[in-house]
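S.K.: Build me a model from this:
(chains A, B and C)
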Amino acid sequence: MSADESLAGLVRRVQRLEDELAVIRKLTAYGPLVDAGAADAVAELWTEDGEYDVEGWRMVGRAEVRSMVLSDAHQNIIGGGSAHFFGPPHIERIEGDEAEAICESILVRHEDGRFYIWRAGVHRIELRRTADGWSVTRRITRPLNGSAEARDLVAGRK
Amino acid sequence: MSADESLAGLVRRVQRLEDELAVIRKLTAYGPLVDAGAADAVAELWTEDGEYDVEGWRMVGRAEVRSMVLSDAHQNIIGGGSAHFFGPPHIERIEGDEAEAICESILVRHEDGRFYIWRAGVHRIELRRTADGWSVTRRITRPLNGSAEARDLVAGRK
Amino acid sequence: MSADESLAGLVRRVQRLEDELAVIRKLTAYGPLVDAGAADAVAELWTEDGEYDVEGWRMVGRAEVRSMVLSDAHQNIIGGGSAHFFGPPHIERIEGDEAEAICESILVRHEDGRFYIWRAGVHRIELRRTADGWSVTRRITRPLNGSAEARDLVAGRK
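M.R.: Numbers count the residues shown, from 1 in each chain, chains lettered A, B, ... in the order given. Okay, the predicted model is just below:
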């Protein structure tokens, strides 16, 4: 192999590493932003037409994600105090301009001076490389309450 | 240094980065899989003769790890709903074909419509590079209940 | 572009990846160490003159961080059992010799045979590259109890 060919191969490997860390940065941004009520910044984690499907509620597009953050329901949660506390994303695949990750989270709420776990869920998150970097095209969330849906989601049956 | 020598050094650095992300992917896979009851996939995180030593229970080999996932005890936990919720692994060392990481976790259970923390623990996890990629050769788990064992484990006294 | 120029560019990209993983390793080290009461190792995560500003308590320098770990208050927490359970750090920026990250955490305590969440917080952590690698120059922690301070911290208003 020539030095040029070797270098080209290495560039692809470095790009793959950069992609994985960029995807991880995108996914670790969500929790602190949504707890801070940063509606625009949360919405911009998704692509323009990205989906967020959470326990019977399906949002499509940034405006709907933004509205969720600004909703009375969400404002009430973060007003009292909350941690949308996410575990480290498991990067399942990165292929060209697409990526897919799994992670779990708990939603910790603060009420009457004490903290407690209100929800626990698992997420399958699909991302696409865009002109502005990696963005979420679809996030599906299912409750970890013994539901078959959560098991299916981990197994890739969406 | 010649361009060839520089390139060879860079290849080693890229390999080291790939190893670290591969180890992280292996470790972040466990929680969602074990909550989904994916017994085979969980067992395959370990090497053929890998060990899992958890609070007085020592499993050796994939068949025993698989049996743990299929046990009544585990099925009862995940049937009601659970999050084996792991924090981000701290990669302590990667040397050649061996790696070692530390992380903490909580085990969140769902019962009677509410979520609560049933256990908290710390894990020391040893991995080896195999023909199928990085796999766990030993995982030791100790409870974070004030035990000296947990402190010893973090300090590397196994 | 010549092969030498290409190689130099690639070296910078690899260095950037190494920096990001080194920062992540530094940040993921804290929880297990502080739960194990490893006062010296915790203190050494900070620079000599590093700051730790947590809910009305401002420590400056390694000696003060070390004293916090050895304090009766902290020893009481870890003696009963605790998980200073951190989520994955979100690396907000790495520029030259400086880095900045955000993450959330919960503090799980064990008392009377049960585990519960005592605190939840968000952290902004600044790091600097030193002769001994990346070290924390400032960590600011604010409670996720609905406080405006926590929202401000996420938004970068310190």
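S.K.: So for the spatially most central residue of chain A, what's the pLDDT?
M.R.: What sits nearest the mean C-alpha location of chain A, by Cα atoms, centre = their mean, is residue A:27, with 4.7 Å. Looking at residue A:27, its pLDDT reads 98.
S.K.: would it count as being in a helix?
M.R.: Yes. If the criterion is DSSP: H, G, I helix; E, B strand; the rest coil, then residue A:27 is within a helix.
S.K.: Enumerate every residue touching residue A:114.
M.R.: Residue A:114 makes no contacts at all, as judged by Cβ atoms under 8 Å, 6 or more residues apart in numbering or on different chains. Glycine gets a C-beta too; all of them are placed from N, C-alpha and C.
S.K.: Leaving out the residues flanking it, which one is nearest to residue A:98?
M.R.: residue A:128 (5.8 Å; Cβ to Cβ, 6 or more residues apart in numbering or on different chains).
S.K.: Residue numbers of chain A in contact with chain B?
M.R.: A:3, A:6-7, A:10, A:13-14, A:17, A:20-21, A:87-91, A:102-104, A:106, A:116-120, A:122, A:143-147, A:150-151, A:154-155 (Cβ under 8 Å from any Cβ of the partner chain).
S.K.: can you give me the helices in chain A?
M.R.: A:3-35, A:39-43, A:62-70, A:72-80, A:148-155 (DSSP state H).
S.K.: List the buried residues for stretch A:38-51?
M.R.: Using 16 or more other Cβ atoms under 10 Å in any protein chain shown as the test for burial, stretch A:38-51 gives A:38, A:39, A:41, A:42, A:43, A:44, A:45, A:46, A:47, A:50, A:51.
S.K.: got the CA coordinates for that stretch in PDB?
M.R.: Presented in PDB, the C-alpha positions along stretch A:38-51 are these (Å, rounded to 0.1, in the frame of the first residue of the first chain):
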ATOM      1  CA  ALA A  38     -34.000  25.800  27.000                       C
ATOM      2  CA  ALA A  39     -36.800  25.200  24.400                       C
ATOM      3  CA  ASP A  40     -35.000  26.400  21.300                       C
ATOM      4  CA  ALA A  41     -31.800  24.500  22.100                       C
ATOM      5  CA  VAL A  42     -33.700  21.300  22.800                       C
ATOM      6  CA  ALA A  43     -35.700  21.600  19.600                       C
ATOM      7  CA  GLU A  44     -32.500  22.100  17.600                       C
ATOM      8  CA  LEU A  45     -31.200  18.700  18.700                       C
ATOM      9  CA  TRP A  46     -33.700  17.300  16.200                       C
ATOM     10  CA  THR A  47     -33.700  17.700  12.400                       C
ATOM     11  CA  GLU A  48     -36.400  20.100  11.000                       C
ATOM     12  CA  ASP A  49     -38.700  17.200  10.500                       C
ATOM     13  CA  GLY A  50     -37.400  15.000  13.300                       C
ATOM     14  CA  GLU A  51     -39.800  12.900  15.400                       C
END
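S.K.: ok, and what's touching it?
M.R.: A:26, A:29-30, A:33-34, A:52, A:58-63, A:65-66, A:69-70, A:128, A:130, A:135-139, C:151, C:154-155.
S.K.: Looks like residue A:29 contacts residue C:88 (just checking).
M.R.: No. Residue A:29 is beyond contact range of residue C:88, at 10.5 Å (criterion: Cβ atoms under 8 Å).
S.K.: Give the pairing partners of the longest strand that chain A contains; include direction for each.
M.R.: The single longest strand within chain A, with elements called by DSSP state E, is strand A:114-130. Strand A:114-130 has its sheet partners listed here by DSSP bridges as strand A:98-111 (antiparallel), strand A:133-143 (antiparallel).
S.K.: Of all the ones you listed, which one is nearest residue B:76?
M.R.: strand A:133-143 (18.1 Å; Cβ to Cβ).
S.K.: Tell me the buried residues in that closest one?
M.R.: Using 16+ other Cβ under 10 Å as the test for burial, strand A:133-143 gives A:134, A:135, A:136, A:137, A:138, A:139, A:140, A:141, A:142, A:143.
S.K.: do stretch A:145-158 as well
M.R.: Going by neighbour count (16+ other Cβ under 10 Å), the buried part of stretch A:145-158 is A:145, A:146, A:147, A:150, A:151, A:153, A:154.
S.K.: Just the C-alphas of that stretch, formatted as CSV.
M.R.: Only the C-alpha atoms of stretch A:145-158 are listed here, as CSV (Å, rounded to 0.1, in the frame of the first residue of the first chain):
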residue,chain,number,x,y,z
ASN,A,145,-42.4,-0.6,33.8
GLY,A,146,-42.3,-4.2,32.6
SER,A,147,-43.8,-3.3,29.2
ALA,A,148,-43.2,-5.6,26.2
GLU,A,149,-42.8,-2.3,24.3
ALA,A,150,-39.6,-1.5,26.1
ARG,A,151,-38.1,-5.0,25.4
ASP,A,152,-39.1,-4.7,21.7
LEU,A,153,-37.5,-1.3,21.4
VAL,A,154,-34.1,-2.6,22.8
ALA,A,155,-34.3,-5.5,20.3
GLY,A,156,-34.9,-3.1,17.4
ARG,A,157,-38.6,-3.8,16.9
LYS,A,158,-39.9,-0.3,16.8
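S.K.: And residue A:1, what's its pLDDT?
M.R.: Reported pLDDT for residue A:1: 63.
S.K.: should've said residue A:19
M.R.: pLDDT, residue A:19: 98.
S.K.: show me what contacts it?
M.R.: Contacts of residue A:19 (Cβ under 8 Å, 6+ apart): A:94, A:99, A:129, A:134.
S.K.: was I right about the last one contacting residue A:125?
M.R.: No. Residue A:134 lies out of contact with residue A:125 (Cβ under 8 Å); the separation is 10.5 Å.
S.K.: Now residue A:4. Nearest residue, chain neighbours left out?
M.R.: Closest to residue A:4 by Cβ to Cβ, 6+ apart is residue C:3, at 6.3 Å.
S.K.: Verify the contact between that neighbour and residue B:3 for me.
M.R.: Yes. Counting by Cβ under 8 Å, residue B:3 is a contact partner of residue C:3 at 5.8 Å.
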